[in-house]
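>>> Build me a model:
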Amino acid sequence: MTDSKYFTTTKKGEIFELKAELNSDKKEKKKEAVKKVIASMTVGKDVSALFPDVVNCMQTDNLELKKLVYLYLMNYAKSQPDMAIMAVNTFVKDCEDLNPLIRALAVRTMGCIRVDKITEYLCEPLRKCLKDEDPYVRKTAAVCVAKLHDINAQLVEDQGFLDTLKDLISDSNPMVVANAVAALSEIAESHPNSNLLDLNPQTINKLLTALNECTEWGQIFILDCLASYLPRDDRESQSICERVTPRLSHANSAVVLSAVKVLMKFMEMLPKDLDYYGTLLKKLAPPLVTLLSAEPELQYVALRNINLIVQKRPEILKHEMKVFFVKYNDPIYVKLEKLDIMIRLASQANIAQVLAELKEYATEVDVDFVRKAVRAIGRCAIKVEQSAERCVSTLLDLIQTKVNYVVQEAIVVIKDIFRKYPNKYESVIATLCENLDSLDEPEARAAMIWIVGEYAERIDNADELLESFLEGFHDESTQVQLQLLTAIVKLFLKKPTETQELVQQVLSLATQDSDNPDLRDRGYIYWRLLSTDPVAAKEVVLAEKPLISEETDLIEPTLLEELICHIGTLASVYHKPPSAFVEGSRGVQHKRLPPRAGSGESTESPDVGQSGPSEAPPAVIPSQGDLLGDLLNLDLAPPTATVPSVQPSMQMGAMDLLGGGLDSLMGDESDTLGGDIGGSPSMGAGLGAAPAAMPASLGSAPAVGGGLGDLFDLGGGVGMPTGSYVAPKTVWLLAMKAKGLEISGTFARRGGIIQMDLSLTNKAMSVMTDFAIQFNRNSFGLAPAGPLQVLTPLSPNQTIDVSLPLSTSGPVMKMEPLNNLQVAVKNNIDVFYFSCQYPLSLLFVEDGKMDRQVFLATWKDIPNDNEAQFQIKDIHLNSDVASNKLQGSNIFTIAKRTVEGQDMLYQSVKLTNGIWVLAEMRIQTGNPNYTLSIKCRAPEVCPFVYQCYELVLKN
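Model (predicted):
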């Protein structure tokens, strides 16, 4: 009889009986009793009362019984931590058992018992098992380290288990190597900056050797680890690719995708003219094609990954178009994905074949699929110019079928074709107008209205056609209403005498009878334009439109690079970076492809860890991710840096700009004019008291902004360096782009505090309140050190000057250019986005004067490749005046010497993130052009430092 009998019992009150059986002297009876306990536990009964009796059964030679007891222990140890300690001795004993299966079982169970009290007792047995003679025990112990690290990371580090794990990478058994890599990767994920997997050519060689012999899941762990390695040069990259290529023919699709990920990443470093590069491209196609013969679910995952691969390297699958043709029995999700890839692979060579297929799909019964097929024909026309005519005639054939949804999709698509190829296919407009009455979908109606408005001068009865839409104006969707308004205004500008009544009718409907703000705004703009300056109206409304791009749905390049690094994971199926859907405490690392071969970028990042005398290493600037996504998901953790405050008890908060919590942003500020700058106490974590070194005169300073004077403009209260240059304010956000709010500003560094000086002007007709500000992640972690202090409502035509203190403790991400800052400002009307650029001198700190000896040693230590030379022209200052002027902006002169009438100044600058910049400036008497040589371990900073020199010296 099978073990199912243990689950069929209906007895009640059996705990007492089980207790007696567990304490029986007969081994068989004991085993039966434990099986009954496990069965009860499995169906959800509480059998924790039997804990001591079950633990007593651990002392047995019977492997089956021991496994059952361990299973019980794992389940109930958390609820009975004090009792679980009783089992520790048995674990220790079992870890020294002669049978390797029992030793491995003991260490596996130890890792699964997540009880803090027990973990410290388990260190010694685990240490022995990590060095066990049997590989099965070692591989189990390796995984146990990762589990233990999850419970108590500090204990694992103190006990030196991480070093033992690293040693296991050199183990002779491939499965031990794979598990060690898996454990280290798991630990590294929760500590992104720990560099646990210190990969070097020797380690990589060991991993590649183990790759051929371990199980399929072991191979996946090793391949994923290889993908995070950055080869030194193209030769090493080629060598790794050659040894990974055999994995492409593996039966497990996960192994294949992991191998593809490694190859896609390392191909970046191979020169395209290399013979091996072409060979590799050919080798990548067959395994990807093979994945498409699996079951539909696997096909879908493969197709989502292929979609990314095709966007990055279309040449891999350019000859494999036929495998993406849709089969009649494919599920809809597979059909739609295949269709998308077909468009991406469409080219002049295969367009006839693709169009024939798409025309066939457009006669299918599945409505969603037909719609997508019709859209695909339009995308082909836009992508392959030579096929546009054939695509248009195919679409006309489909319109003749008179199938409603086909006709509507075709009209939407033809509108896009007109945008791509103006004045080329307008002969089809008559056919489109015949189908006007059958259009019932908003997108199709809007597309048709756009066509009529755009080509009104060629359509005799354009006014009648548009008037027919106007009859049910209020029943139309917003999309159609907006398009109709624009189309009738276009018609009026082209045929003013015939359509005056029509345009007045639509403007009246849009402005007086509509409650949609977008429609009203557009209506008023047109009304004012037409009534004040018809010529300007013509230039605005009938302006030449930019051609639409070939591929509007391509993934943004930096996001695509990151997704390529995540091939074979959920990120590649969602087409979103892991940070967009992974929650929890673990840091998500942004990955990127290595620099392309021959791009001039260094394959090894500059060694900024040793930069000068600073103890703290400079902050590493991560690469730029999906910027729009980042700006909309701004991470506003409270700043951690201490900022000077007006009163020691002052509280500042970081607000969530897009959340609902901003309604009360200015709620409690009416009482704070004389004292602290804080909002309500709920506005976030405090930033701590003012630093001890702050001048006493600041204590009584008035609040920032709102016309109350600048925090630091106190007539000598702050020791601000003389001559610190502040650029004049420039307009950052135009009123026409922000519903009447104009923002101009500049940046300044005063007394060691970074400030953003803003002027907010209300050019709208309504009062603006509830201001808040937020920054996107940026290269140096700039973030508001407190809320935006606009203490009074901003009335129409009023300007308010505000000074916002900034900290450098915000999230960091490399921007392009490096000093770019993306800002979001919210008020009671909307959220507005703009970007501005700050001078790098903002980040030059006051303790940036380097010791002479250290300067000399650092200059020699920085590679010559990192040196950049610049000319500063038309400067009529002697070296002393120039040196004093630069010192005002924290550019310090270390030494000066004169050689043959030429002054040479040696200078140092330190940035807020700890990066040191060294400079040599040569000034020849009588020559207005200075020569500036800059050296830095992060060379990308040099051009921006040069800009600061030029800015300071010329102003």
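
>>> What's the first helix or strand after the helix or strand of the chain with the lowest mean pLDDT?
Lowest on mean pLDDT, DSSP states H and E among the helices and strands of the chain sits helix 627-632, with a mean of 39. Sequence order places strand 730-733 as the next helix or strand after helix 627-632, per DSSP states H and E.

>>> Would you mark the buried spots in that next one?
For strand 730-733, the neighbour count (16 or more other C-beta atoms under 10 Å) marks 732-733 as buried. Bear in mind the C-beta positions are built from the backbone N, C-alpha and C, glycine included.

>>> and if you look at stretch 937-951?
937-939, 941-942, 944-950.

>>> Likewise for stretch 391-405?
For stretch 391-405, a neighbour-count test (16+ other C-beta under 10 Å) marks 391-392, 394-396, 398-399, 403 as buried.

>>> what stretches of the stretch 151-300 of the chain score poorly on pLDDT?
192-195 (pLDDT under 70).

>>> Try it again at 80.
189-198 (pLDDT under 80).

>>> picking up where we left off before, now intersect the buried residues of stretch 391-405 with the helices, please.
Here DSSP state H is the test, and these give 391-392, 394-396, 398-399 as lying in helices.

>>> of those, closest to Ala868?
Cys391 (50.8 Å; C-beta to C-beta).

>>> so that closest one touches Ala352, yeah?
No: using C-beta atoms under 8 Å as the test, Cys391 is too far from Ala352 to be in contact (11.1 Å).

>>> could I get the buried residues of stretch 391-405 as JSON lines with distance to Glu297 and pLDDT?
Below are the buried residues of stretch 391-405 laid out as JSON lines (distance: C-beta to C-beta, whole Å; pLDDT from 0 to 100):
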{"residue": "Cys391", "distance to Glu297": "33", "pLDDT": "88"}
{"residue": "Val392", "distance to Glu297": "38", "pLDDT": "88"}
{"residue": "Thr394", "distance to Glu297": "33", "pLDDT": "88"}
{"residue": "Leu395", "distance to Glu297": "34", "pLDDT": "89"}
{"residue": "Leu396", "distance to Glu297": "39", "pLDDT": "87"}
{"residue": "Leu398", "distance to Glu297": "32", "pLDDT": "87"}
{"residue": "Ile399", "distance to Glu297": "37", "pLDDT": "86"}
{"residue": "Val403", "distance to Glu297": "32", "pLDDT": "84"}
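
>>> got these as a markdown table, with distance to Gln789 columns?
Formatted as a markdown table, the buried residues of stretch 391-405 follow (distance: C-beta to C-beta, whole Å):
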| residue | distance to Gln789 |
| --- | --- |
| Cys391 | 58 |
| Val392 | 59 |
| Thr394 | 62 |
| Leu395 | 58 |
| Leu396 | 62 |
| Leu398 | 61 |
| Ile399 | 60 |
| Val403 | 61 |
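
>>> For Leu50, state which of these is nearest.
Val403 (70.0 Å).

>>> my guess is Met321 meets Arg344, correct?
No: at 10.5 Å, Met321 does not count as touching Arg344 under the criterion of C-beta under 8 Å.

>>> Remind me what the helix or strand harbouring Leu358 packs against, helices and strands.
For Leu358, the element it lies in under DSSP H and E is helix 351-361. Packing partners of helix 351-361 (3 or more C-beta pairs under 8 Å, 6 or more residues apart in numbering; DSSP states H and E): helix 332-345, helix 367-383, helix 388-400.

>>> Pull the residues that contact the second one.
Taking C-beta atoms under 8 Å, 6 or more residues apart in numbering as the criterion, the residues outside helix 367-383 that touch it are 326, 332, 335-336, 339, 342-343, 346, 351, 354-355, 358-359, 361-364, 387-388, 391-392, 394-395, 398, 405-406, 409-410, 412-414, 416-417, 420, 548, 550-551.

>>> Mind listing what's buried along it?
For helix 367-383, by 16+ other C-beta under 10 Å, it's 369-383.

>>> list the buried ones in stretch 489-507?
489-494, 499, 502-503, 506-507.

>>> do stretch 516-530 as well
Under 16+ other C-beta under 10 Å, the buried positions of stretch 516-530 are 519, 522-523, 526-527, 529-530.

>>> what's the answer for stretch 892-911, then?
For stretch 892-911, by 16+ other C-beta under 10 Å, it's 892-894, 903-911.

>>> Please produce JSON lines containing these, extended by secondary structure, pLDDT and distance to His250.
Formatted as JSON lines, the buried residues of stretch 892-911 follow (DSSP: H, G, I helix; E, B strand; the rest coil; pLDDT from 0 to 100; distance: C-beta to C-beta, whole Å):
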{"residue": "Phe892", "secondary structure": "strand", "pLDDT": "91", "distance to His250": "60"}
{"residue": "Thr893", "secondary structure": "strand", "pLDDT": "92", "distance to His250": "63"}
{"residue": "Ile894", "secondary structure": "strand", "pLDDT": "89", "distance to His250": "60"}
{"residue": "Asp903", "secondary structure": "strand", "pLDDT": "87", "distance to His250": "68"}
{"residue": "Met904", "secondary structure": "strand", "pLDDT": "88", "distance to His250": "63"}
{"residue": "Leu905", "secondary structure": "strand", "pLDDT": "89", "distance to His250": "63"}
{"residue": "Tyr906", "secondary structure": "strand", "pLDDT": "91", "distance to His250": "59"}
{"residue": "Gln907", "secondary structure": "strand", "pLDDT": "92", "distance to His250": "58"}
{"residue": "Ser908", "secondary structure": "strand", "pLDDT": "93", "distance to His250": "55"}
{"residue": "Val909", "secondary structure": "strand", "pLDDT": "92", "distance to His250": "53"}
{"residue": "Lys910", "secondary structure": "strand", "pLDDT": "91", "distance to His250": "52"}
{"residue": "Leu911", "secondary structure": "strand", "pLDDT": "90", "distance to His250": "48"}
